[in-house]
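Asks: Here's a sequence, model it:
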Amino acid sequence: MATLRQFEYLVTVVDTGSFTRAAESLHVTQPALSHQIRALERDLGGPLLERLPRSVRLTPLGRSVLPHARAALADAERLRSAARRTAGLESGELEVATVYSVSLGVLPPVLRGWRERHPGVRVRLREYPHADELQAAMSTGQADLAVGPTPPGWEGPVRELGTEEFVVVVAADDPLAGETSGSIALDSLAGRAWVHYAPGNGLADLFDRVCARAGFQAQVAIRAEQTAAVPLLAAAGLGPALVPANILPPGFDGLLLRPDPPIRRVLSAYGRIRPDPLTAAFADLLAHQVRSNLSLLRPVQG
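Replies: This is a model prediction of the structure:
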């Protein structure tokens, strides 16, 4: 039966690109490493690696096995970490994965509150541009907890946190300032050129979908790689933008309009397995902050 050590050997060979470097990294002899890889291949029913003159390459079987090997190693490390926490240690590391917009708006006050309560526990934040990438990372055990849009069909624990509101941002001196009561139909902006998100950003897909529902395809004035730049460019007069209200800082210099009908997205915390006490405590703080902190559910001007 495959062992965690064999999985570790496989992952190290892939990550270092050679048996020699992997053996050095693992502090084992190369024959011992090769023996364990061959034993793993026999157990799994075929070759996992193709040995090239100066590197190695995964076989199709190896490509299918590698994500599970990484996940098994990540789960084992979290098991060891959970045991240390249960034993009363106040140090360690909590890995939290999220999408860019949530790391800008929802998480900062949560992380501040967490540090005040657990100063000895480090938080490692992994950020992804798209909810699909976040879900894929969680599927392979890359973090203890994911925070982002509710994943469809997720088989592990899911805890809904709240509903994220989106607003349209334009410059404070935009002609709309004198023509609206604070809300606007998205299709009334069909003729405008928008500040858009770069391809691959999950908010780009969301914006394209809501525009399609409103019956138009948005013209693009500029695309921004950084999520945080989009409302700033809109406020500078480069075009309207659709952004989560909670990413806007206090005193933001721009006109905020409510889309009519509203545009919302449910956010959740989710994981692969039942959370250990420390992960559960972080999820509790996260849920409390989202419910009670007005800066997370920012009211729209108008």
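Asks: quick one: the residue most central in space within the chain from F19, how far?
Replies: Most central in the chain under Cα atoms, centre = their mean is T98, positioned 2.7 Å from the mean C-alpha point. Counting by Cβ to Cβ, to the nearest Å, the gap from T98 to F19 is 36 Å. For every residue, glycine as well, the C-beta is placed using N, CA and C.
Asks: how much space between G191 and A218?
Replies: For G191 relative to A218 (Cβ to Cβ), the value is 10 Å.
Asks: neighbour count winner among the two?
Replies: A218 (22 against 8; other Cβ atoms under 10 Å).
Asks: list the contacts for the nearest residue to W154 once chain neighbours are set aside?
Replies: Nearest residue to W154 in three dimensions, chain neighbours excluded: Y270, at 5.6 Å (Cβ to Cβ, 6 or more residues apart in numbering). Residues in contact with Y270 (Cβ atoms under 8 Å, 6 or more residues apart in numbering) are 138, 145-146, 150-151, 154, 156-159.
Asks: how about TSV for those residues, with neighbour count added?
Replies: Shown next, in TSV, are the contacts of Y270 (neighbours: other Cβ atoms under 10 Å):
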residue	neighbour count
M138	24
L145	23
A146	30
T150	16
P151	19
W154	16
G156	14
P157	17
V158	13
R159	17
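Asks: and which of the residues you listed is nearest A281?
Replies: The closest of these to A281 turns out to be L145 (Cβ to Cβ; 10.7 Å).
Asks: what about the strands in the stretch 1-150 of the chain?
Replies: 49-51, 56-58, 92-99, 121-128, 145-149 (DSSP state E, counting those that start in this stretch).
Asks: Could you say which of those strands is packed most deeply?
Replies: Highest mean neighbour count of these: strand 145-149, a mean of 26 (counted as mean count of other Cβ atoms under 10 Å).
Asks: Report all helices and strands that it contacts.
Replies: Under the contact criterion of 3 or more Cβ pairs under 8 Å, 6 or more residues apart in numbering; DSSP states H and E, strand 145-149 touches strand 92-99, helix 131-139, strand 264-270, helix 277-292.
Asks: Output those in a markdown table; the columns should cover mean pLDDT and distance to V106.
Replies: Shown next, in a markdown table, are these (pLDDT from 0 to 100; distance: least, Cβ to Cβ, whole Å):
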| stretch | mean pLDDT | distance to V106 |
| --- | --- | --- |
| strand 92-99 | 89 | 8 |
| helix 131-139 | 93 | 14 |
| strand 264-270 | 93 | 7 |
| helix 277-292 | 84 | 7 |
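Asks: Just say which of these is most tucked in.
Replies: strand 92-99 (a mean of 21).
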